[in-house]
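Asks: 3D, please:
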Amino acid sequence: MMNELIDVMEDTPDFQTFHLDGQTVVLEDFMEIEPGKRERLGRLIQEGRIVIGPWYVMPDEFLVSGESIIRNLLKGRQICREWGVEPWKYGYICDTFGHIAQLPQIFKGFGIPYSILGRGLNEHSVPSHFRWASPDGSECIAYKLFDDNSYGAFLVVLLRADARKSNEDETKTAIREHVERELSRSPYGIGLLMDSQDHARIRPDTGIYLDIIQELFPEADVKHVNLEEMGQQLEAYRDVMPVRSGELYEPGKNPGSNYVIPHTLSSRYPLKQANDICQALLEKWVEPLVAIATLRGFHTSQSYVDMAYQYLLLNHPHDSICGCSIDAVHEDMKYRYNQSKEISLQVVGSILDKELERFGNTDGGSGGNLVLLLRNPLVFPQRLVVTVDIDFEPQYPCQFQEPFGYEQKNSFLIFDHQGHEIPYGLVKIRRNYKTFVQNKIEKVVDRHTVSLMVDLPAMGTAEYKVVPSSQPSRYLERMSRNRGEAENEYLKLTVQDNGTIRITDKRTGRVYDNLCSYLDDGEIGDGWFHVCPVEDRMIDSHGFECAIETIENGPSRTVFQVSQTVRLPRELIQNNQSLQRSNDVVPVLIRTRIGLSQGAAYVDVETTVDNQARDHRFRLVIPTGVTESSYFVNQAFAFVRRPTGFRLETQNWKESDAAEKQTGGIVGKRRDDGTGLAFISPFGLHECAAPDNEQGEVHVTLFRSFQKTYLTNGEEGGQLIGQLSFKYALAPLTADVSDADLARLQDCLQAGVRHATVKIDAAYNLSAPASHFELSSSDIQLSIMKRPENGRHNELIVRCVNLSDKPETAWLRSFMTIGEVMKATLHEEALEPVSHERDGFLIKLAAWQIQTYRLTLA
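Replies: Here you go, the predicted structure:
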């Protein structure tokens, strides 16, 4: 396609413009195959005839983080400049499956004033030209594509004429009707004809059709130009255009190709899980650690970070991350996620190993004394229970056994930097355990896993001393004193006989009952759509027997385990007469660990499903007890509210409204008094529903198993046979829990805490907790802290977002002296100075505003 494009444009000077799908990754692909044609291609790009950018790849907006969207546009901008041009100033999102609320603000941050889109809106909803606004008020002038065949509308007119073997007059009539229909959609006399489609090649005879259009409409100014010119012409009408605000998520009403396609959110769950893990590693660990290490004089090559991001971004095209392609595409994605993750872990490991050098030779020390070093990557302090591994050398000097000589345990005490003894619970022991220390030296240790309450400074480290005890080290206090119950200062957790859980909020007296059951129904759909067979059987996990165990019960944490085997139809049976779920059943084991820690206002849950069934959908059921008619979810840089249920008036539309819609991992319901319940998942769960029922249920799709893939006879990859793991928290809400508080909890679940144990002398004095940066508590959340794209070692990029509908302020404190603070664009160009102190500055953000700052540090 690219070879033909170059040849035709060189041979046909009148062919003015070809828009390269809004993506620049195709340039990289082409140069791998045809590096000798760079000069010819570059000439056409620099002449403005081939228009490139603004994206690296066209992502799915709902399934990637806000920072990934920004990184995508940064990469696209970088490639455009490498080819000697500025990126296209059009937000080309014509094929993504619905649109996030904050995209106009992101486009504005990159100087992109226009967008072109199709899915998520209908022609009865908006005219062809309208203003699309983000929650903060940022706008772009948007063009709504035809419902009928979307961005391929004019191409289809020509293809139909060819297929019918139309004569010249018939072709002209079809073109006239199409142009008149296009002009009727706008009062401004400006129309757009899209001769394009997925994988479409250049049409060498475009000039002929331009002449026909000019002949049919002699009074018109017919142009074959960069689409930016249309945007510039529309500026004169900006003030009179209608405004559409927030996310664009309507199902398609009319015939054509305007489906919003909602169920890609739950296709091939492991890909979504891997993506979120890689994003969290880069955003919560790699970027801030690299930036701080650089400021402190330990430089890590930016190439590692860029490569980890490139592998990640190559998985973000909407048909890739959405899980709706063929198996071969998704097999390649697994490799890229592994590469991104391993590179990130190596970068983080190298920096943390560097920090351990201050302890000197880690093989030094004597008497079995250790430092447990804990790092918090987030910009707010945390007081929480952590479960960590402490690695002891074999033959630890102090050990004990319960009378008379049962399991042998190391006897040790843990102290904080002020000398306070910290009680802990011993979770498990692994003797003769192989591990690696600095420089990847293999070492055999006796690993003791413990749970304890710790205090961690904002974006910094805390030290705890582990010392041998000549007496048995036992802590007899237990969080759980009654069978199946645990309680802390905020919540009471009860595991019920049927395997569901009850949470009592001691702050409000509200009770949330029958949580965490499962629904299973049939699946005849594919990566795009969930579809149940007519003869379906929905299976409820209530009624299947379960086993309840207490697997951890210490002074600061209790964990219960519920094991339940549900029997599901083996597969879908298809014959000449019907589609049915088989009467044959297979056992599917669900093993769920439910934890409650001291100081936690939420219950943490980890579920493993050993899926042995095919052709089905598996959902988690959370009865919130909240009957209000709305629910909330998060997405990139925003929280949005939606009505419960689905739109009944769409039952006769081409695509009826689905109850299932997007979540960024947080979904919940609130009463008018602010109480309610929220589900918070760190990784992979992005489809939810809130049906209208008396229980106020929220459904979260855990996974879908399907066999259909496009242009194949069926493949195995979508069936997801084997073990699948899910993590989430259930948080009862009080009136003072904000959206930003829930976002911070998700940050905590995504980031976790990293730890190491180091040998020390008995005389070693613990250092006080050390913080690098701290953001004061408000509705302002840190989005990322990173090294600048310009590579300057004394600069830092800080991006924040106000997750509320009112103006907010927050103070960012720095461990280094600040020389200058500048507001900046999303592509990190300085805008205006911000007043500051030596150790910090005040962040002031309007409602839902995203703001980037460039700091110069001494």
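Asks: all helices of the stretch 751-858 of the chain, in order?
Replies: In the stretch 751-858 of the chain, no helices are found when defined by DSSP state H, counting those that start in this stretch.
Asks: what's around residue 152, how many residues?
Replies: 23 (other C-beta atoms under 10 Å). From N, CA and C alone the C-beta is placed, and that goes for glycine too.
Asks: Contacts only, for it.
Replies: 194, 196-198, 200, 257 (C-beta atoms under 8 Å, 6 or more residues apart in numbering).
Asks: Below-threshold pLDDT in the protein: ranges please.
Replies: For the chain, the stretches with pLDDT under 70 are 257, 361-366, 437-440.
Asks: Next, count neighbours for residue 339.
Replies: Residue 339: 17 neighbours (other C-beta under 10 Å).
Asks: for residue 659, that is, sorry about that
Replies: So residue 659, with other C-beta under 10 Å, has 15 neighbours.
Asks: Now it: phi and psi?
Replies: phi -70, psi -30 (degrees, to the nearest 10).
Asks: what sits against it?
Replies: 645-646, 689-691, 699.
Asks: ok, the residue nearest to it when sequence neighbours are not counted - how many residues close by?
Replies: Nearest residue to residue 659, sequence neighbours excluded (C-beta to C-beta, 6 or more residues apart in numbering): residue 689, at 4.0 Å. When counting by other C-beta under 10 Å, one arrives at 20 neighbours for residue 689.
Asks: and what of residue 199?
Replies: 6.
Asks: Give me the three-state assignment for it.
Replies: coil (DSSP: H, G, I helix; E, B strand; the rest coil).
Asks: on that earlier part again, so which of the contacts of residue 659 is the most crowded?
Replies: residue 690 (29 neighbours).
Asks: and that one, what does it touch?
Replies: 631, 642, 644-645, 659, 667, 669, 696-699.
Asks: do that again at 10 Å, thanks
Replies: 622, 624, 626, 628-633, 642-646, 659-661, 667-669, 696-699 (C-beta atoms under 10 Å, 6 or more residues apart in numbering).
Asks: what do you get for residue 557?
Replies: Contacts of residue 557 by C-beta under 10 Å, 6+ apart are 385-387, 424-425, 427, 450-453, 479-480, 486, 488, 595-598, 600, 604.
Asks: so of those, which ones are in strands?
Replies: 385-387, 424-425, 427, 450-453, 486, 595-597, 604 (DSSP state E).
Asks: of those residues, buried ones?
Replies: 385-387, 424-425, 427, 450-453, 486, 595-597, 604 (16 or more other C-beta atoms under 10 Å).
Asks: from those, which is closest to residue 81?
Replies: residue 386 (44.3 Å; C-beta to C-beta).
Asks: Mind listing the residues bridging to the closest one?
Replies: Judged by DSSP bridges, the bridge partners of residue 386 are residue 452.
Asks: Touching, it and residue 600? I think so.
Replies: No. Using C-beta atoms under 10 Å, residue 386 is not in contact with residue 600; the gap is 11.5 Å.
Asks: Common neighbours of the two, please.
Replies: With C-beta under 10 Å, 6+ apart, residue 386 and residue 600 have common neighbours 556-557.
Asks: element containing residue 625?
Replies: Residue 625 belongs to no helix or strand when assigned by DSSP states H and E.
Asks: err, residue 108, not the other one
Replies: Applying DSSP H and E as the criterion places residue 108 in helix 103-109.
Asks: try residue 258
Replies: Secondary structure from DSSP H and E places residue 258 outside every helix and strand.
Asks: Skip the chain neighbours and tell me the closest residue to it.
Replies: Spatially, and ignoring its direct neighbours in sequence, residue 258 is nearest to residue 252 (3.8 Å; C-beta to C-beta, 6+ apart).
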